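Enquirer: mind looking at a prediction? Sequence and model below.
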Amino acid sequence: MSHLIAELLLLLSLQILGQVPPPEAAITFQIRNAGITVNGTLEGFESTVRFDPQHPEEAQIEASVAVSTIKTGIALRDKHLQKPDYFHAEQHPRISLRSQRIRATGPGRYEGTFLLRIKGVEKPVTFPFTVSKANEFAGNFQLNRLDFGLGNKSLVLSDVVAVGIRVKYPAEVLSTR
């Protein structure tokens with residue numbers, strides 16, 4: 001994995017040139033609504049990554065997803081989430097995450113503090129993540145939706161949202177380790 005920075009830069013440059021597929025990414029979330037867990041996804045993942053597992057403190061990771069791609073299994077709800085009282089997708093089309101500090105916590109395990117931007121509001125989030133030998137980055141965190149102006153206080157809708165991030169880069173690009 002010592003060549004990960006160069007390989008990720010190669011991946012990003014090849015993506016820009018359109019020569020390799022973008023990384024496989026899954027951005028998921030869960031929230032309780034009226035006692036039922038609502039699962040959702042976001043697509044349109046884009047990233048810029050400079051990461052060397054030998055020097056995680058020097059990492060620079062930026063990623064974002066398109067708000068317009070939100071899917072919860074109910075089209076009417078997805079459309080409502082685009083409106084100003086939730087994500088205001090017209091004015092704030094992307095959710096972004098930018099690394100602030102990363103430290104190793106064990107082999108292939110890290111803790112990162114990231115600046116999360118949703119609906120024009122930036123807040124730090126700290127969460128553990130892993131980098132596997134299978135070229136996969138994975139992490140989970142929770143946020144308070146009210147901190148980002150996503151809806152109002154509710155008796156039926158939870159304030160806490162669980163978020164999962166999984167990104168797998170193509171093996172043909174990261175297979176030279």
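Expert: Arrived safely, thanks for sending.

Enquirer: so which residues of the protein form helices?
Expert: Counting by DSSP state H, one finds helices in the chain at the ranges 4-17, 75-81, 171-174.

Enquirer: now the last one: average pLDDT?
Expert: Confidence over helix 171-174 (mean pLDDT, whole number) is 42.

Enquirer: looking at this protein, which strand is longest?
Expert: Secondary structure of the chain per DSSP state E: the longest strand is strand 36-50.

Enquirer: paired strands for it, with orientation please.
Expert: Paired neighbours of strand 36-50 in the sheet (DSSP bridges): strand 24-33 (antiparallel), strand 60-71 (antiparallel).

Enquirer: which of those sits closest to P93?
Expert: Among those, the nearest to P93 by CB to CB is strand 60-71 (5.7 Å). C-betas here are computed from N, CA, C, even on glycine.

Enquirer: render the CA-only coordinates of that closest one in PDB, please.
Expert: The C-alpha trace of strand 60-71 is given here as PDB (Å, rounded to 0.1, in the frame of the first residue of the first chain):
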ATOM      1  CA  GLN A  60      -6.000  15.000   1.800                       C
ATOM      2  CA  ILE A  61      -9.400  13.600   1.100                       C
ATOM      3  CA  GLU A  62     -12.200  15.400  -0.500                       C
ATOM      4  CA  ALA A  63     -15.500  13.800  -1.600                       C
ATOM      5  CA  SER A  64     -19.000  14.800  -2.500                       C
ATOM      6  CA  VAL A  65     -22.300  13.400  -3.700                       C
ATOM      7  CA  ALA A  66     -25.200  14.900  -5.600                       C
ATOM      8  CA  VAL A  67     -28.200  15.700  -3.500                       C
ATOM      9  CA  SER A  68     -30.500  15.200  -6.500                       C
ATOM     10  CA  THR A  69     -29.700  11.400  -6.400                       C
ATOM     11  CA  ILE A  70     -31.200  10.800  -3.000                       C
ATOM     12  CA  LYS A  71     -33.400   7.600  -3.000                       C
END
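
Enquirer: nothing else from me, thank you.
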